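S.K.: from the sequence below, what's the structure:
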Amino acid sequence: VRLGRADQLISAAEADAGEASKARDEDERNELRTAMGGDGVGKGVAGAKRAAEAAVKQLEKKQKSRATRTQRDTLDLALVDLAGFYRDVLVTTTRSGATLNHPDHADQIREAASSWTTESTLRRLEAVLECRDAIELNVKPRIAVEAMVTTLRQG
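M.R.: Numbering: from 1, shown residues only. Modelled structure (predicted):
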């Protein structure tokens, strides 16, 4: 895994979060403005417009938080898959006979198992799990993923 892959992983998570929330967020803002009379015209609507815009600002703050959570959840799913791959490499290396999580990648798993030491595979798995922990502790995803990728490259 290269640093370019870290950028791809982060970009994919950001894109998923953006696509999932863009239309929903706009609909929510419009519905709130309408409900609060913020789209009204005529005499006496200035107060309603101010209140509506204040409520929209609060909503946008919540939406940004939700988008961040969606991005982190998407990234976490990818990290779980990656951890599963390294687990499969360990299963193959140790010949434990356990069922592979990713049998569709059996060729890559066998190749990795034949070229990596058990210790190297464990370091890679630990790097993925540490990345997940760091993101959960609010480390910027890009920093956590780049640190993980550095460890993955070193083995």
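S.K.: do you have the helices of this protein handy? List them.
M.R.: Taking DSSP state H, the helices of the chain run over residues 3-35, 46-94, 106-115, 118-136, 141-154.
S.K.: which of the helices and strands in this structure ranks last by mean pLDDT?
M.R.: Lowest mean confidence among the helices and strands of the chain (mean pLDDT, DSSP states H and E): helix 3-35, at a mean of 72.
S.K.: do you know which of the helices of the chain lies nearest residue 100?
M.R.: helix 46-94 (4.7 Å; C-beta to C-beta). Backbone N, C-alpha and C define where each C-beta goes, glycine included.
S.K.: run the angle between that closest one and helix 118-136 for me.
M.R.: Interaxial angle, helix 46-94 versus helix 118-136 (axes from the mean of the first three to the mean of the last three C-alpha atoms, to 10 degrees): 170 degrees.
S.K.: quick one: average confidence on helix 46-94?
M.R.: What helix 46-94 shows for mean pLDDT is 87.
S.K.: which helices and strands sit right next to it?
M.R.: helix 3-35, helix 106-115, helix 118-136, helix 141-154 (3 or more C-beta pairs under 8 Å, 6 or more residues apart in numbering; DSSP states H and E).
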